[in-house]
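Trainee: predicted model, plus sequence, below.
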Amino acid sequence: MIGKEFIGRESESVVLKIRFEEVRRFAEAIGIPFEGEVPTTYVGTLLKANIPGFELTTPGMIHGEQKITYHRPLAVGDSITYKRRIQDVYERTSKLGKIIFVVLETSGYDLTGELVFSSSSTIITPAKGDDNEERV
Amino acid sequence: MKSVFNYQVSDRLPFREWVPSHVQIRQYAEASGDFNPIHLNDNYARKVGLGGVIAHGMLTMAQMAALLTEWIGNEGRISKLDVRFEQVVSPGDKITFSGSIKARSEKVIVCDIEACNHKGDKVLLGLAHIMQK
């Protein structure tokens, strides 16, 4: 189970080229006309940088918040490196029992090391031992 | 048409309506690589208490971004987009996105955005920064 000890854990850096065809498919899936621009939420698909010991799809997990900041525009053809980091882990008690909040930060850099974007996801998951987990 | 940078504080943005379908959710799973079964498998989604598959939060957020990019055209770009997912969005829900100008300077417009379903529940609350190109 994820706990405070995960804070600061990082993935390896992943190198990625923003490819026309993948962006086009993404634009088509969200239902917008594609004119060569990278949709703002495209960086939400950069999920390949695995954080050791951390698995995202636990039953009952939901996406609570998402923040994306561009420090400069991202374009098709750009090469970036990105990595993910567990920024925070905290617990709250709700009427449904104990829940855990995980804040996951993704940072993307250009090849000179300049920050291009940062994206932060807050994932909410039931704490283990909850009967929720047993039923699945 | 009024230029985006003529909008003033408290002016309303154009509306956007969106009805997600099972097909679109599957298409989004494939395009994004997010294959969490809560988006694809009705039985599984019911077992975890969601009443059936739900749309990816990121797909709803993408619709919010689409409202903005359609509105700003070539005049600006989104430099910041923050959202909180308030309620799940299911296939067939009729979602309406709306927004207003919260603050602005010469080069930056800050917008408040929200999305409601046909039952009147808020499903998403958001904030965006638009930067002049």
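Mentor: In hand now; what should we look at?
Trainee: from here on, just use CA atoms for contacts and neighbour counts.
Mentor: Fine.
Trainee: is chain B contacted by the longest strand anywhere in chain A?
Mentor: Ranked by number of residues, the top strand in chain A under DSSP state E is strand A:79-94. No: under the criterion of C-alpha under 8 Å from any C-alpha of the partner chain, strand A:79-94 makes no contact with chain B; the nearest approach is 15.0 Å.
Trainee: next: stretch A:12-28.
Mentor: Yes: Stretch A:12-28 comes into contact with chain B when judged by C-alpha under 8 Å from any C-alpha, the residues involved being A:Glu22, A:Arg25, A:Phe26.
Trainee: quick check, nearest of these to chain B?
Mentor: Set against chain B, the nearest of the residues of stretch A:12-28 next to chain B by C-alpha to the nearest C-alpha is A:Phe26 (5.1 Å).
Trainee: which residue packs closest to A:Glu105, ignoring adjacent ones?
Mentor: Leaving aside its chain neighbours, A:Glu105 sits nearest to A:Ser120 (4.4 Å; criterion: C-alpha to C-alpha, 6 or more residues apart in numbering or on different chains).
Trainee: mind listing residues that contact the helix ranked longest in chain B?
Mentor: Identified as the longest helix of chain B according to DSSP state H is helix B:57-72. Among residues not part of helix B:57-72, those counted as contacts by C-alpha atoms under 8 Å, 6 or more residues apart in numbering or on different chains are A:30, A:32, A:39-41, A:44, A:63, B:4, B:13-16, B:18, B:25, B:28, B:77-78, B:81, B:83, B:85, B:88-89, B:97, B:113.
Trainee: sorry, back to before: give me the buried positions along the longest strand of chain A.
Mentor: Under the neighbour-count criterion of 16 or more other C-alpha atoms under 10 Å in any protein chain shown, strand A:79-94 has A:Ser79, A:Ile80, A:Thr81, A:Tyr82, A:Lys83, A:Arg84, A:Arg85, A:Ile86, A:Gln87, A:Asp88, A:Val89, A:Glu91 buried.
Trainee: ok, now which ones touch the first one?
Mentor: With contacts taken as C-alpha under 8 Å, 6+ apart, A:Ser79 has the following neighbours: A:Val15, A:Leu16, A:Lys17, A:Ile18, A:Asp110, A:Leu111.
Trainee: mind telling me what element the first one is part of?
Mentor: Here A:Val15 sits within strand A:14-17, counting by DSSP states H and E.
Trainee: just to revisit the earlier point, among the contacts of A:Ser79, which two are most distant?
Mentor: A:Ile18 and A:Leu111 (12.9 Å; C-alpha to C-alpha).
Trainee: quick one: low-confidence ranges for the chain?
Mentor: As the question left the chain open, I've gone with chain A. Applying pLDDT under 70 to chain A picks out residues A:56-58, A:128-136.
Trainee: hmm, I had chain B in mind actually
Mentor: Within chain B, the segments meeting pLDDT under 70 span B:1.
Trainee: near chain A, which residues of it?
Mentor: By the criterion of C-alpha under 8 Å from any C-alpha, the positions of chain B lying close to chain A are B:24, B:27-28, B:31-34, B:36, B:44, B:47-49, B:57-59, B:61-63, B:65-66, B:78-86.
Trainee: so which of those are in helices?
Mentor: Secondary structure assignment by DSSP H places B:24, B:27-28, B:31-32, B:44, B:47, B:57-59, B:61-63, B:65-66 of the residues of chain B next to chain A in helices.
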